[in-house]
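Engineer: Could you look at this predicted model? Sequence included:
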Amino acid sequence: MPIEIPVDKWPGTVNTVTLGATAADGGTRSKVVTIGGERSLPFMHFENETPHPPVIALEMTAARPGDWSQVLLDAWGDVVDDPARWAGACEEAGADLILLMFGLNDADGNPVTPDFAVGTVKAVLQATGLPLVVLGPGQAEVDNEILVPVADATKGERLVLGLCEDANYRTIVASAMANGHLVLGRTPMDVNLAKQLNILMTDMGLPLDRIVMDPTTGALGYGIEYGYSVMERLRLAALQGDAMTQLPMLVNPGYEAWRTKESKVGEGVPDTWGDWAARGTHWETLTAVSLIEAGADVVVLRHPDSVTRVREAIDELMTLETA
Amino acid sequence: MALSGIQIYKMLPQTNCKECGFPTCLAFAMKLAAKQVELDDCPYVTEESKQQLAESAAPPIRLITLKARDHEVAVGNEVVLFRHEKKFFNRPGVLIRVVDTAEEAAITEKVAAASAYSVDYVGLDLRLDGFVIEAASGDPAAFATAVGAVRASSGLPVVLKSDDPAVIEAGLKVLEGEKPLLLGANSGNWEAMADLAKQGETALGVMGGTLEELAELTEKIQATGVEDMVLYPTASAMGASLAMQTQIRRLALKNFRPLGYPTIAFAGDGGNPARESTLAAHAICKYAGFVVVDTFAPELIYPILVLRENIYTDPQKPIQVLPAVYEINDPKPGDPVLVTTNFSITYFSVANEVEGSGLSAWLLVTDAEGMSVLTAWAAGKFDAESIAKAVKEFGIADKLEKHVIVLPGHTAVLSGELEEELPDWEVKVGPREAVDLPGYMKTVLT
Ligand code: B12
Ligand code: SF4
């Protein structure tokens, strides 16, 4: 019986965005990462090819993380005290890119300074050839104080700088534009808020192919269903041709999953939760894979084992062949 | 093909007698087209119309129920591709696979543990739905023994998996009075399998590597009188399975009957817990009706069951608890009041934390329309005024000697205003995360 397979013909295409620049393009990266370009819902290869697979970022912090799960600290060992070595370890673990996160303090517990920020970013760039996302602590004043000098000091690298939020995007967008960088815009799980922020940022003259959007998600068990559906809706809008939703999406299942009690706490929890370390990694992996099914272009992870698993899932999803 | 409201109207008596509960036959027809009412609600439809309408009234994906002594699991009946369009209705059954070549004692142990497994998630009791018993032995007697071992240690529904009708028949005999799923029929054995399904009045699983293969089989089997079927698309690699599952769902929603059945996916084929976890997530998100896992390990099963719960919640209705004062560990008049919102996840993260620590408290849950603390605060549904209102409404002050109220750390900004609203109270700001509450209560509050 011949069956006519229903095929969606979409008018829209997700923007193609390249993260990082090699020497030929004015940077120092040995690899660049290109995302986006989808013309179909995730992995519908029978409709259109998926030009770029989703990629995996590993998150690391500029100063030893104070609130990470012991499971993660055990997995990484003492590299967490040295950003350069940590970056190298991320590359070895199989990341496509690195997300470097600044907190409010430096390694000695003093408030972060522009010097500390620039020094750390340079050390990381030296230690790895992967593209880099650099995020401030999320307080407007501090973000601006450290991200502007970082942007200046790394001109041409096509870093991704963030977070741009509706209350604080101008300075970051301006310094990204001046130095050939990209930005990450984040909005709290809402299609219209995401569009609005993208309009505001492009109104400043930032080209769309230099923006990645983080529509925000929740962890498994803590609101993933909201993030999942907002991503599906954003992607459908993009394919239907709405330019302000045609940005590749980055989400952070690592951060979300590893701050849940299930991943953070090993003692005094029900036996029915099972082994702590395995549970934490499953928590992260299941969150990440679900979000990839919903259209994520970049997933940010924290545990090296999750990278292996999510990579395997992406590789499988990228082909119609049967194993 | 689905009929429009107008087409359906033409087949109704058009007398507008209102017995169906609608003012006109047309109104009823519209509801029928939207699948919101049952045809039987109109007592006057002719037999002829009934037959014509039955096809169009049937859900695009047939509801399949497996039954055993202690449990029933129903899957199918889905009407959308994306959960935000309406919602996903019937949670996929999560099943554990056992193989008949394993030692009987090993089967018994695994099945008993999996069958008894129950985990609390925001007040919901999450459990597994049953077992797949796979005949690797090829021997009817060995298979019957394995089925017997499963049945002796669990009352949950089962799937019998073999392509040899003689083996299936042997297993089926052990399951008197139940509704298992027989898996399955293929192009070589379908007639014998269909016979078994008919005799046992059970559902039949149909295997195929392509949509054409599946559709051809279901049509032939349906012609023999078997109605309840489950599709087993055998492409197990994620990309291929996503394509098949999506195409099946899309075609079913277009009322292509030969594929209008729920599906089964074997995450257990992943071969190890790490891969099983990703395959299971994939199957839950993208349309499987049953998800089969090989490894029974709580650290794997718990997140799988939670993901299923999340994806299948109604997007229009966050799971909520009733606004009230909840007494945790038998609080005394000297114990503190902790305030939070009525979003289930929020309530349970706080309540479980305090309960587990053995400390006592009055947990004041405000009506924040089912939103988390920060979401409700950002939406203006959790502020000093609404907290003060809840304090008064639930008359909590009368139960107390010491009037201490603790705010969630994330909403520290509310403390000044709350002091104004509640002048007789001492307002404190707690930690940001519930995990840190017991420590805070022990050090700061005593
Ligand atoms: C899921 C979510 C939503 C869902 C709603 C889910 C729900 N039912 O509440 C949706 C998509 C609808 C939503 C909407 C909005 N959201 Co929202 N959302 C989230 C998200 C991702 C997770 C929230 C969550 O479920 N957390 C889990 C629960 C358990 O956390 P919790 O309630 O805070 O409880 C914890 C602690 O507070 C503590 N705790 C709780 N009670 C108590 C009590 C005491 C005494 C103590 C000590 C501790 C304590 O324990 C818990 C566990 O540690 C967060 C971002 C994030 N990742 O956190 C944004 C977030 C909360 N949302 C935000 C915003 C702005 C909004 C909107 C206003 C935006 C919009 N889209 O228009 C709307 C508002 C809603 C509206 N107008 O209808 C912002 C708030 C920013 C701010 N600081 O003000 C956040 C932080 C995102 C961000 N980074 O910008 N959101
Ligand atoms: S009960 Fe039947 S005949 Fe009467 S109004 Fe309803 S649809 Fe029409």
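Structural biologist: Looks like it came in fine. Ligands and ions are numbered 1, 2, ... in the order given.
Engineer: quick one: the strands in the stretch 101-250 of chain A?
Structural biologist: A:132-135, A:160-164, A:182-186, A:211-214, A:250-251 (DSSP state E, counting those that start in this stretch).
Engineer: just checking, next helix/strand downstream of the shortest one?
Structural biologist: Put plainly, it is strand A:250-251. Per DSSP states H and E, the first helix or strand lying C-terminal to strand A:250-251 is helix A:253-258.
Engineer: Please report the separation between the first and final residues of stretch B:199-216.
Structural biologist: 22 Å (CA to CA, to the nearest Å).
Engineer: can you give me how far that stretch is from the chain middle?
Structural biologist: 24 Å (CA atoms, centre = their mean, to the nearest Å).
Engineer: still on that earlier bit, CSV for the strands of the stretch 101-250 of chain A, including mean pLDDT, distance to ligand 2 and mean neighbour count?
Structural biologist: From N, CA and C alone the C-beta is placed, and that goes for glycine too. Listed next are the strands of the stretch 101-250 of chain A as CSV, based on pLDDT from 0 to 100; distance: least, CB to the nearest ligand atom, whole Å; neighbours: other CB atoms under 10 Å in any protein chain shown:
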stretch, mean pLDDT, distance to ligand 2, mean neighbour count
strand A:132-135, 98, 61, 24
strand A:160-164, 95, 57, 25
strand A:182-186, 97, 52, 24
strand A:211-214, 98, 50, 24
strand A:250-251, 98, 49, 27
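Engineer: got the contact list for stretch B:97-110?
Structural biologist: If you take CB atoms under 8 Å, 6 or more residues apart in numbering or on different chains as the criterion, stretch B:97-110 is touched by B:96, B:111, B:131-137, B:139, B:142-143, B:145-147, B:149-150, B:152-153, B:161, B:266, B:268, B:292-294, B:296.
Engineer: Please list all residues in contact with the residue of the stretch 1-150 of chain A found nearest ligand 1.
Structural biologist: Residue nearest to ligand 1 within the stretch 1-150 of chain A: A:Gly138 (8.2 Å; CB to the nearest ligand atom). Residues near A:Gly138 by CB under 8 Å, 6+ apart: A:Leu163.
Engineer: On the pLDDT front, check it for me.
Structural biologist: As predicted, A:Gly138 sits at a pLDDT of 90.
Engineer: in chain A, what residue is nearest ligand 2?
Structural biologist: A:Pro6 (33.0 Å).
Engineer: Assign a three-state SS to that residue, would you?
Structural biologist: coil (DSSP: H, G, I helix; E, B strand; the rest coil).
Engineer: where does the residue nearest to it when sequence neighbours are not counted land in three-state SS?
Structural biologist: Distances taken as CB to CB, 6 or more residues apart in numbering or on different chains place B:Arg250 nearest to A:Pro6, at 4.6 Å, with adjacent residues excluded. What three-state DSSP gives for B:Arg250 is helix.
Engineer: quick one: B:Arg250 and B:Leu211, what's the gap?
Structural biologist: Shown here: B:Arg250 relative to B:Leu211, a distance of 11 Å by CB to CB, to the nearest Å.
Engineer: So for those two, which residue has more residues nearby?
Structural biologist: B:Leu211 (22 against 17; other CB atoms under 10 Å in any protein chain shown).
Engineer: got the buried residues for stretch A:174-184?
Structural biologist: A:174-177, A:179-184 (16 or more other CB atoms under 10 Å in any protein chain shown).
Engineer: Just the endpoints, please. Distance across it?
Structural biologist: Its start and end residues considered, stretch A:174-184 measures 13 Å (CA to CA).
Engineer: Columns distance to chain B on top of the buried residues of stretch A:174-184, output as JSON lines?
Structural biologist: Formatted as JSON lines, these follow (distance: CB to the nearest CB, whole Å):
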{"residue": "A:Ala174", "distance to chain B": "27"}
{"residue": "A:Ser175", "distance to chain B": "28"}
{"residue": "A:Ala176", "distance to chain B": "27"}
{"residue": "A:Met177", "distance to chain B": "30"}
{"residue": "A:Asn179", "distance to chain B": "33"}
{"residue": "A:Gly180", "distance to chain B": "35"}
{"residue": "A:His181", "distance to chain B": "30"}
{"residue": "A:Leu182", "distance to chain B": "28"}
{"residue": "A:Val183", "distance to chain B": "23"}
{"residue": "A:Leu184", "distance to chain B": "21"}
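Engineer: Tell me the one of the residues you listed nearest ligand 1?
Structural biologist: Minimum separation from ligand 1 among the buried residues of stretch A:174-184 (CB to the nearest ligand atom) is found for A:Leu184, which lies at 13.0 Å.
Engineer: Let me see the contact set for that closest one.
Structural biologist: A:Leu184 makes contact with A:133, A:135, A:160-164, A:211-214, A:250 under the criterion CB under 8 Å, 6+ apart.
Engineer: Which stretches in chain A count as helices?
Structural biologist: For chain A, applying DSSP state H gives helices covering A:70-76, A:83-92, A:114-127, A:140-153, A:170-179, A:191-203, A:224-239, A:253-258, A:261-264, A:276-293, A:304-317.
Engineer: Show me what the third one is packed up against.
Structural biologist: This means helix A:114-127. Applying 3 or more CB pairs under 8 Å, 6 or more residues apart in numbering or on different chains; DSSP states H and E, one finds that helix A:114-127 makes contact with helix A:83-92, strand A:97-101, strand A:132-135, helix A:140-153.
Engineer: swap the cut-off to 6 Å and go again
Structural biologist: With contacts defined as 3 or more CB pairs under 6 Å, 6 or more residues apart in numbering or on different chains; DSSP states H and E, helix A:114-127 has these neighbours: helix A:83-92, helix A:140-153.
Engineer: Quick check: which of those helices is nearest to chain B?
Structural biologist: Closest to chain B of the helices and strands packed on helix A:114-127 is helix A:140-153 (CB to the nearest CB; 16.1 Å).
Engineer: does ligand 1 sit close to that closest one?
Structural biologist: No: against ligand 1, helix A:140-153 shows no contacts by CB under 6 Å from any ligand atom, the least distance being 12.9 Å.
Engineer: What are the contacting residues of that helix?
Structural biologist: A:112, A:114, A:117-118, A:121, A:134, A:136, A:161, A:168, A:171-172, A:175, A:179, A:181 (CB atoms under 6 Å, 6 or more residues apart in numbering or on different chains).
Engineer: which one of those residues sits closest to chain B?
Structural biologist: A:Asn168 (16.1 Å).
Engineer: Contacts only, for that closest one.
Structural biologist: Here A:Asn168 is in contact with A:Ala140 (CB under 6 Å, 6+ apart).
Engineer: now with 10 Å?
Structural biologist: When contacts are counted by CB atoms under 10 Å, 6 or more residues apart in numbering or on different chains, A:Asn168 touches A:136, A:138-141, A:143-144.
Engineer: Could you do A:Arg170 as well?
Structural biologist: Taking CB under 10 Å, 6+ apart, we find A:Arg170 in contact with A:144, A:164, A:200-201, A:204.
Engineer: Thank you kindly, that will do.
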